[in-house]
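Q: Coordinates for the following, if possible.
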Amino acid sequence: MLAVRTKFRLVVFTTRSLALRCKESRHLTVGNIYARFEPDNSLLFTKYRSFSTATEQKQTDTLKGGSEKREFQAETRMLLDIVARSLYSDKEVFIRELISNASDALEKFRYLSVSAAADSPQLVETDRPLEIKLTTDKQNRTITFQDSGIGMTKEELTQNLGTIARSGSKSFIEEIKKQGAEQASSIIGQFGVGFYSAFMVAEKIEVYTRSSKSGSPGYRWLSDGSGMYEIQEADGVPVGTKIVVYLKTDCREFADDDTVKNIIKKYSNFIGSLIFLNNEQVNSIKPLWLMEPKEVTQEQHTEFYKFISNSYDKPRFTLHYKTDAPLSIRSILYVPEGKPGLFELSRDSDVGVALYSRKILIKSKAENILPKWLRFVKGVVDSEDIPLNLSRELLQNSALITKLRTVLTNRFLKFMVEMSQKDPVGYDTFYRDYSIFLKEGIVTSQSPLEKEEIAKLLRFESSKLENGVRTSLLDYSKRQKDDQKSIYYLAAPSRELAQSSPYYESLKKRDLEVLFCYEMYDELVLLELKEFGGRSLVSVENDMQKESTDTPDSVIGSDTLQQTQVNEIITFLKSNLTGKVFEVRTTQKLDSHPCVIIVPEMAAARHFIRTQAQNLSEENRYALLRPQLEINARHPIIIKLHKLISDDKELANMVAQQLFSNAMVTAGLIVDPRNLITHINDLLVKALEKH
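A: Modelled structure (predicted):
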């Protein structure tokens with residue numbers, strides 16, 4: 001049994017009947033007892049000084065002493081003049097702004113009431129319910145906004161309502177002048193001037209407020225927007241803020257119940273506090289992350305995602321994750337359906353995950369909860385193990401935050417691997433849009449285990465699969481022969497160039513599967529990864545270099561060239577390409593190509609050419625690269641070259657230079673291939689002299 005004594009009578013409820021009434025509206029106020037259902041459906045009873053009851057009673061505020069008349073700051077008067085001319089295209093925005101201000105007041109009180117900071121002020125009535133109440137009076141053309149939040153002192157009242165946000169006032173005015181009236185509603189709120197939007201619809205505005213700080217008196221603020229305002233002390237003002245907007249004749253629709261309800265649902269449906277309109281709860285906000293995953297519908301996820309991400313697309317993948325070990329974590333992480341924009345691609349953008357502790361917001365964009373490469377993920381993370389009074393510095397260095405990031409990252413990676421198996425088509429679309437983030441993760445991560453987990457999500461085309469079909473490193477490993485200890489890959493701009501590459505010939509003859517990397521940084525990613533599943537990742541170019549152990553005798557067998565002739569060609573090429581090649585030798589790994597360039601760490605060399613080689617002379621570039629030329633002594637061009645050495649030395653020199661240039665182009669080590677056109681034309685002229 002629960003007995004509640006009111007001023008007039010004793011009302012007796014059974015817990016069951018109270019629970020039934022409470023469950024219908026999720027909350028119930030009786031006297032000084034507040035009851036509500038928590039997200040886990042447990043019934044919570046709180047004793048408090050009834051905010052709801054107090055606001056339903058007739059206003060008992062009593063003005064005290066004389067009023068002080070003051071002028072608005074210059075920028076404020078300018079703004080009020082703009083508002084008075086009704087330059088804003090969408091007047092209903094004032095309801096959104098006043099509700100947002102009330103919500104901010106509630107959130108500030110919530111935080112201060114639980115903060116353990118030494119300089120936190122002494123607060124009164126800390127057990128009161130935190131609500132926002134709107135009341136419409138169509139007959140008297142008023143709409144009233146009341147919150148039980150932090151309230152304002154006299155100084156705060158002057159600063160907040162007598163001055164536009166001090167850091168942004170001039171910027172706001174300039175933006176209005178620059179963009180015009182039609183963009184004003186989108187600008188409002190960016191400079192802390194939301195309160196003044198009410199003057200679009202108001203003949204006058206009356207504000208009653210009392211600060212939650214102990215010993216603070218109540219005050220009334222009054223202005224008709226003409227450039228002056230009054231402040232007067234008042235008795236009987238409840239803690240919090242009440243704003244009475246006296247509507248203009250042509251704005252009477254904002255005193256209509258249905259109109260205001262629709263506006264609240266449009267703009268403020270997810271405000272994290274209860275909103276009542278004429279004592280009926282309007283907003284349907286639910287902390288989805290605290291609910292059981294099976295109880296949340298896809299429609300709820302979509303609506304919640306749009307709110308937290310401030311976007312209009314849908315979530316592509318949704319991870320609703322709850323655990324109590326090693327940390328207490330309640331989270332929802334979303335992968336956007338839309339493609340990433342330039343802002344998301346920039347590493348300067350924030351990670352889009354909000355951090356809560358016991359439903360108290362610690363940081364709206366907590367960059368340390370997920371690694372930087374997961375900045376495309378949106379969501380909410382709530383952990384009771386995180387201290388409420390963490391400062392930004394502590395948040396960055398906290399061991400708990402590090403543990404939280406590790407747990408969440410590992411769970412998200414596991415979830416994405418599961419999605420790649422359950423929905424391969426959907427995952428393939430995701431990979432095309434977001435693979436750049438995964439590759440960034442491998443390059444920037446300091447953990448080998450995390451690198452390998454990310455690597456499970458990589459996809460490449462393969463020499464064993466059809467054009468356009470991607471495979472994972474895990475599937476590649478399953479197809480490997482038992483004696484194969486390496487995973488081979490080849491970087492090329494396209495499949496056609498990869499399959500015709502001289503570096504691919506050797507592995508093709510050995511019937512080894514090769515992954516084709518088309519993206520610019522794929523080979524650097526695999527170079528950084530080093531190994532997967534205990535198998536080393538090897539570029540076919542490096543494989544060719546490592547296994548080039550042919551002896552001079554091994555190339556004998558051509559009916560045309562003898563070993564002495566091969567030696568003559570090698571000597572000629574070394575002389576002709578002095579300063580460019582640092583070694584010339586033969587190879588048996590080529591069939592259709594006359595020669596190939598070998599450079600240690602080809603991937604790093606190509607990256608160097610793309611990013612830094614422009615600042616070096618040609619001589620210095622070759623000195624750093626130290627390219628080696630391997631020739632196919634059985635190729636017709638090499639055989640003809642030997643004859644040209646004695647028959648036409650000038651043409652032989654031109655052919656040697658062109659062979660080297662062609663090999664450098666194939667290796668991707670030429671800064672600008674267009675420079676070769678002149679040499680090719682000269683060679684053609686020389687070759688066609690006798691025709």
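
Q: what pLDDT, on average, does the helix or strand hosting E450 get?
A: E450 is part of helix 448-455 when elements are defined by DSSP states H and E. In this model, helix 448-455 has an average pLDDT of 94.

Q: Only C-alpha atoms, please: export that helix in PDB.
A: Taking Å, rounded to 0.1, in the frame of the first residue of the first chain, the C-alpha atoms of helix 448-455 are listed here in PDB:
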ATOM      1  CA  PRO A 448      48.600  -6.000 -34.800                       C
ATOM      2  CA  LEU A 449      45.500  -7.800 -33.500                       C
ATOM      3  CA  GLU A 450      43.200  -4.900 -34.500                       C
ATOM      4  CA  LYS A 451      45.000  -4.700 -37.900                       C
ATOM      5  CA  GLU A 452      44.200  -8.300 -38.600                       C
ATOM      6  CA  GLU A 453      40.500  -7.900 -37.500                       C
ATOM      7  CA  ILE A 454      40.100  -5.000 -39.900                       C
ATOM      8  CA  ALA A 455      41.900  -7.000 -42.600                       C
END
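
Q: What lies in contact with it?
A: Residues outside helix 448-455 that contact it (Cβ atoms under 8 Å, 6 or more residues apart in numbering) are 409-410, 413-414, 417, 438, 441-442, 445, 473, 528-529, 532-533. Any C-beta I mention is one placed from the backbone N, CA and C, and that applies to glycine too.

Q: secondary structure class for S536?
A: Following DSSP: H, G, I helix; E, B strand; the rest coil, we place S536 in the strand state.

Q: before we move on, back to that, show the buried residues in the contacts of helix 448-455.
A: With burial judged by 16 or more other Cβ atoms under 10 Å, the buried subset of the contacts of helix 448-455 is T409, L413, V417, L438, G441, I442, S445, L473, E528, L529, F532.

Q: Tell me which of these fall in strands.
A: The members of the buried ones among the contacts of helix 448-455 that map onto strands under DSSP state E are F532.

Q: residues touching D382, list them.
A: P287, W289, L290, I329, R330, S331, L355, Y356, S357, R358, K359.

Q: Which among those count as buried?
A: P287, W289, L290, I329, R330, S331, L355, Y356, S357.

Q: So what pairs up with the fourth one in the strands?
A: On DSSP bridges, the residues paired with I329 through beta bridges are T323.

Q: thinking again about what came up before, let me know the closest of the contacts of helix 448-455 to F199.
A: T409 (48.4 Å; Cβ to Cβ).

Q: Lowest-confidence one in the buried ones among the contacts of D382?
A: On pLDDT alone, S357 ranks lowest of those, at 71.

Q: can you list contacts of stretch 249-256?
A: 91-92, 94-95, 136-138, 140-143, 200-202, 245, 247, 259-260.

Q: among those, which are in strands?
A: Among the contacts of stretch 249-256, the members found in strands (DSSP E) are T136, D137, T142, I143, A202, V245, L247.

Q: just those residues: which has the poorest pLDDT?
A: Out of those, that is A202, at 91.

Q: Count the neighbours of the nearest residue to that one once chain neighbours are set aside for me.
A: Once flanking residues are discounted, A202 sits nearest to V245: 4.9 Å by Cβ to Cβ, 6 or more residues apart in numbering. Counted by other Cβ atoms under 10 Å, the residues lying close to V245 total 25.

Q: Over to T429. Which of the three states is it?
A: Following three-state DSSP, T429 is assigned to helix.

Q: measure it to H593 for me?
A: In this view, T429 and H593 are 37 Å apart by Cβ to Cβ, to the nearest Å.

Q: repeat for I263
A: From I263 to H593 the distance is 72 Å (Cβ to Cβ).

Q: Kindly report the same for F94.
A: Shown here: F94 relative to H593, a distance of 74 Å by Cβ to Cβ.

Q: residues of stretch 148-158 that come out buried?
A: In stretch 148-158, counting by 16+ other Cβ under 10 Å, buried: S148, G149, I150, G151, M152, T153, K154, E156, L157, T158.

Q: Same check on stretch 524-539?
A: L524, V525, L526, L527, E528, L529, E531, F532, L537, V538, S539.

Q: tell me, how many neighbours does the residue lying closest to Q146 once chain neighbours are set aside end up with?
A: With Cβ to Cβ, 6+ apart as the criterion, Q146 has its nearest non-adjacent residue at 4.2 Å, and that residue is K242. The criterion is other Cβ under 10 Å. On that basis, K242 has 24 neighbouring residues.

Q: what packs against the host helix or strand of K242?
A: Secondary structure from DSSP H and E places K242 in strand 240-247. For strand 240-247, the packing partners by 3 or more Cβ pairs under 8 Å, 6 or more residues apart in numbering; DSSP states H and E come out as helix 93-114, strand 142-147, strand 202-210.

Q: Can you check which of the ones you listed gets nearest to V381?
A: Closest of those to V381 is helix 93-114, at 17.5 Å (criterion: Cβ to Cβ).

Q: and that closest one, how far out from the chain's middle?
A: 26 Å (Cα atoms, centre = their mean, to the nearest Å).

Q: Could you list every helix and strand that that helix packs against?
A: Counting contacts by 3+ Cβ pairs under 8 Å, 6+ apart, helix 93-114 packs against strand 131-137, strand 142-147, strand 240-247, helix 257-267, strand 360-363.

Q: now do 6 Å
A: Using 3 or more Cβ pairs under 6 Å, 6 or more residues apart in numbering; DSSP states H and E, the elements in contact with helix 93-114 are strand 142-147.

Q: The strand it packs on versus strand 240-247: what angle between them?
A: Orientation check (axes from the mean of the first three to the mean of the last three Cα atoms, to 10 degrees): strand 142-147 against strand 240-247 gives 170 degrees.
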